[in-house]
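>>> Show me how the following folds:
(2 chains)
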Amino acid sequence: EDQVTQSPEALRLQEGESSSLNCSYTVSGLRGLFWYRQDPGKGPEFLFTLYSAGEEKEKERLKATLTKKESFLHITAPKPEDSATYLCAVRSGNTPLVFGKGTRLSVIA
Amino acid sequence: DTGVSQDPRHKITKRGQNVTFRCDPISEHNRLYWYRQTLGQGPEFLTYFQNEAQLEKSRLLSDRFSAERPKGSFSTLEIQRTEQGDSAMYLCASSFPGTTNEKLFFGSGTQLSVL
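Purely as a prediction, here's the structure:
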């Protein structure tokens, strides 16, 4: 059974204080690892897909990386508007996405 | 708006009542998913359709839950004899499969509160 574990559960940063979120996964044949952002009361919003170890994707202050066992979402010089829950999900074979519990990020001005 | 649309946004019901939610996917997407999310948890898969065919159902989906997608367009999720444990955000997502990057586009969800 596919499993996704995210850490930390919650993270509080000062504006400009860079950090990383972790997503550890166990799957039988990774077909994609997905990062989503979710604001309160809204559905998840797609950020990145990673397919193979060593792959990296960037978008503004966010950079996602992938190894054979985990993925990191690096946040450089975050701003208050980056505050949200960040969800990691995996797909193996033709199965639907399996999500982790997410990391709640708060960026304080 | 060309995104995934869900209706209603909020639903408050009494235990034992039936409720129905609607999801309108992005028009060119032929795959539609239902997920459920409770506070502090990630979305949990319930069921999905490709066109009008329901291809997979989770073990989480008790026989009180039924989903339909007539004509492969919009979908409805019905919960019969609601229980307090059904209180959650019900999320709908759609995608266009068969690409190397099948990403799900989510709606804003229906927040269900069972009193």
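
>>> for chain B, which residue is closest to the average position?
Residue closest to the mean C-alpha point of chain B, counted by Cα atoms, centre = their mean, is B:W34 at 3.1 Å.

>>> Listing partners with orientation, what would you give for the helix or strand hosting that residue?
When secondary structure is defined using DSSP states H and E, the element that contains B:W34 is strand B:31-37. For strand B:31-37, the pairing partners within the sheet under DSSP bridges are strand B:44-50 (antiparallel), strand B:88-95 (antiparallel).

>>> Tell me which residues are up against it.
Counting by Cβ atoms under 8 Å, 6 or more residues apart in numbering or on different chains, the neighbours of strand B:31-37 from elsewhere in the structure are A:96, A:99, B:23, B:25, B:43-50, B:60, B:67, B:69, B:75, B:77, B:88-97, B:102, B:104, B:106, B:109. Backbone N, C-alpha and C define where each C-beta goes, glycine included.

>>> Now residue 66: closest residue in space that isn't a chain neighbour?
Using chain A here. Sequence neighbours aside, A:L50 is the residue nearest to A:L66 in space, at 4.0 Å (criterion: Cβ to Cβ, 6 or more residues apart in numbering or on different chains).

>>> oops, I was thinking of chain B
The shortest distance from B:S66 to any residue that is not its chain neighbour, by Cβ to Cβ, 6+ apart, is 5.0 Å, and that residue is B:E78.

>>> Surely the one you found touches B:L61?
No. Here B:E78 does not reach B:L61: they are 11.5 Å apart, not a contact under Cβ atoms under 8 Å.

>>> Who has more neighbours out of those two?
Counted by other Cβ atoms under 10 Å in any protein chain shown, B:E78 and B:L61 do not tie: B:L61 has more neighbours, with 17 against 13.

>>> For beta bridges, what are the partners of the spatially closest residue to B:K57 that is not a sequence neighbour?
In this structure, B:K57 finds its nearest non-sequential neighbour in B:T47, 4.6 Å apart by Cβ to Cβ, 6+ apart. Under DSSP bridges, the beta-bridge partners of B:T47 are B:W34, B:K57.

>>> contacting residues for B:T47?
Counted by Cβ under 8 Å, 6+ apart, B:T47 has contacts B:33-34, B:54, B:56-58, B:61, B:67.

>>> How about A:H74?
With contacts defined as Cβ under 8 Å, 6+ apart, the neighbours of A:H74 are A:18-20, A:62-65.

>>> pLDDT, distance to A:S71 and neighbour count added to these, as a markdown table?
Output for those, formatted as a markdown table (pLDDT from 0 to 100; distance: Cβ to Cβ, whole Å; neighbours: other Cβ atoms under 10 Å in any protein chain shown):
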| residue | pLDDT | distance to A:S71 | neighbour count |
| --- | --- | --- | --- |
| A:S18 | 98 | 17 | 11 |
| A:S19 | 98 | 15 | 15 |
| A:S20 | 98 | 10 | 13 |
| A:L62 | 98 | 12 | 19 |
| A:K63 | 98 | 11 | 16 |
| A:A64 | 98 | 6 | 24 |
| A:T65 | 98 | 6 | 18 |
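
>>> which one of the residues you listed is nearest chain B?
Lowest distance from chain B to these (Cβ to the nearest Cβ) belongs to A:A64, with 13.4 Å.
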